[in-house]
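Chemist: Based on what follows, work out the 3D shape:
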Amino acid sequence: MRLAKSQLGGAIIVILLAVGLAASATAQSTITQVVGRLHSPRGLAFGPGGQLFVAQSGDETVDGSIIEILSPMAVRPRVRTIVSGLPVVGEEGEFSGVDGISVFGNGRNFGLYAIMAVDPQQTGDPAFGNLLRVNRSGGVETLVNVGSFDYEWTDEHQWLVPFGDFPDANPYGVLVVPGHVYVVDAGANTLDEVMPDGSISVLAFFPNNALADATPTCACQGPDGFLYVGGRWRWWTALLTALRPRSIGSTRRTRTYRSHGTPR
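Modeler: Numbers count the residues shown, from 1 in each chain. Have a look, this model is predicted:
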C-alpha cells in the first residue's frame, strides 16, 4: 500500500486562533490556544451559530472523529463529540482519516460534509475515500466514494504524470456552496464536483512541473465567483489557482499564483 503522498503529514496544527493587535506603528500578534490535546486535526469549519467544527484524523491510540467547539472565543469553551469511530490508517506519526469538512445550511437543512482520505483500493477498507454528510443529531450518511472514483480515474490517466505517481487518490478538502459540492484530491491532483445524483465530474487537473508534484489540498469560493484552490507542492512551493466553475475546457478562465517558500 503506497501512502507516501496520500499522507500529507501531521504537521498541520489547526486549533490555534491568531488575533492581530496593533501596537504603535508595528502590528503585534498573540496566539491563544482554543483547545488542546487533539489527535491530528485536519479540517475546520464554522457553523451557523458560531460554533467551530473540527475533523480529527486520529492516530495510533484514537480513532478519527468530528468534534464541535461551542463558543470557541470563551476562556473555557465546551467541546462535544458529534461523530466518533472513524477509521484511521498510518504509522510512524503519519496518519490519514477524516480530513476536510464544510458546513452548509441551518436548522433542518443543516449539513456538515466531511471527506475521508485515501481510497479503498490502497487501504483495503471501503470506508476510506467516502464523502460523508452529518446531520444535526450526529447521524452519518455516506454519499459517494470519491477516493475510489479518483483512483480509477488516475489509473486511466497515468500519462498525465510522468513520475509514475498514478494511480493514486487522497481526497483532502471539501467545499459546499449553494448548488455545488466540490472535493479537492491531493493524490489525484484534481478538483471534482459531486452531483446530486452521486455522479462525479473532474473539473480540473493540476499538472506537475519539471521539479515538483502538484498537491492541491483546499478550496474556497471568492466574491468574484472563482474557486480558489490552494495546495502544497514538494520542494515547499505553495500553489494557488483560481478557476471559474462550469467553464472547463478551452474556454476555462484560470489564474495561477505561485509563491516559493523556504525549503525545509
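Chemist: Check the gap between residue 112 and residue 156 for me.
Modeler: 32 Å (CB to CB, to the nearest Å). For the C-beta atoms, the positions are set from N, CA and C on the backbone; glycine is no exception.
Chemist: more crowded one of these two?
Modeler: Shown here are residue 112 and residue 156; by other CB atoms under 10 Å, residue 112 has more neighbours (26 against 11).
Chemist: name the element the more buried one belongs to?
Modeler: Residue 112 belongs to strand 111-116 when elements are defined using DSSP states H and E.
Chemist: Please work out the average pLDDT along that strand.
Modeler: Mean pLDDT, computed over strand 111-116, is 97.
Chemist: List of residues touching that strand?
Modeler: With contacts defined as CB atoms under 8 Å, 6 or more residues apart in numbering, strand 111-116 is touched by 43, 45, 47, 53, 55, 66, 82-83, 86-87, 97-105, 127-135, 146-147, 171-174, 176, 181, 183.
Chemist: Repeat the analysis, applying 7 Å as the threshold.
Modeler: Strand 111-116 has contacts (CB atoms under 7 Å, 6 or more residues apart in numbering) with 53, 55, 66, 97-105, 127-135, 146-147, 171, 174, 176, 181, 183.
Chemist: Can you identify each of the helices in the stretch 101-250 of the chain by residue range?
Modeler: 120-123, 146-156 (DSSP state H, counting those that start in this stretch).
Chemist: And stretch 36-51, what's buried?
Modeler: 38-45, 47, 51 (16 or more other CB atoms under 10 Å).
Chemist: Name the nearest of those relative to residue 189.
Modeler: Nearest to residue 189 among these, counting by CB to CB, is residue 42 at 18.7 Å.
Chemist: Got the confidence number for that closest one?
Modeler: Confidence score, pLDDT, at residue 42: 92.
Chemist: Residue 206 too?
Modeler: On the pLDDT scale, residue 206 gets 88.
Chemist: now swap in the one 3 residues further on and tell me
Modeler: The model reports residue 209 with a pLDDT of 69.
Chemist: before we move on, the earlier item: would you point to the one among the helices of the stretch 101-250 of the chain that's packed deepest?
Modeler: Stretch with highest mean neighbour count among the helices of the stretch 101-250 of the chain: helix 146-156 (a mean of 22; mean count of other CB atoms under 10 Å).
Chemist: Can you give the distance of that one from its chain's centre?
Modeler: 17 Å (CA atoms, centre = their mean, to the nearest Å).
Chemist: Which residue is the nearest non-sequential neighbour of residue 126?
Modeler: In space, residue 126 comes closest to residue 120 once its chain neighbours are excluded; the distance is 4.6 Å by CB to CB, 6 or more residues apart in numbering.
Chemist: per-residue confidence at the closest residue to residue 204 other than its chain neighbours?
Modeler: Nearest non-adjacent residue to residue 204, counting by CB to CB, 6+ apart: residue 191, 4.3 Å away. We have a pLDDT of 94 for residue 191.
Chemist: ranges for the strands of the stretch 151-264 of the chain?
Modeler: Counting by DSSP state E, counting those that start in this stretch, the stretch 151-264 of the chain has strands at residues 171-177, 180-185, 190-194, 200-205, 216-221, 227-233, 237-243, 254-260.
Chemist: just checking, residue 189 touches residue 205?
Modeler: Yes: using CB atoms under 7 Å, residue 189 makes contact with residue 205 at a distance of 5.9 Å.
Chemist: of the two, who's got more company?
Modeler: Neighbours per residue (other CB under 10 Å) separate residue 189 from residue 205, with residue 189 holding more: 28 against 17.
Chemist: residues in contact with the more buried one?
Modeler: Residue 189 touches 205-206, 214, 216, counting by CB under 7 Å, 6+ apart.
Chemist: Next, it: phi, psi?
Modeler: For residue 189, the backbone dihedrals (degrees, to the nearest 10) come out as phi 60, psi 40.
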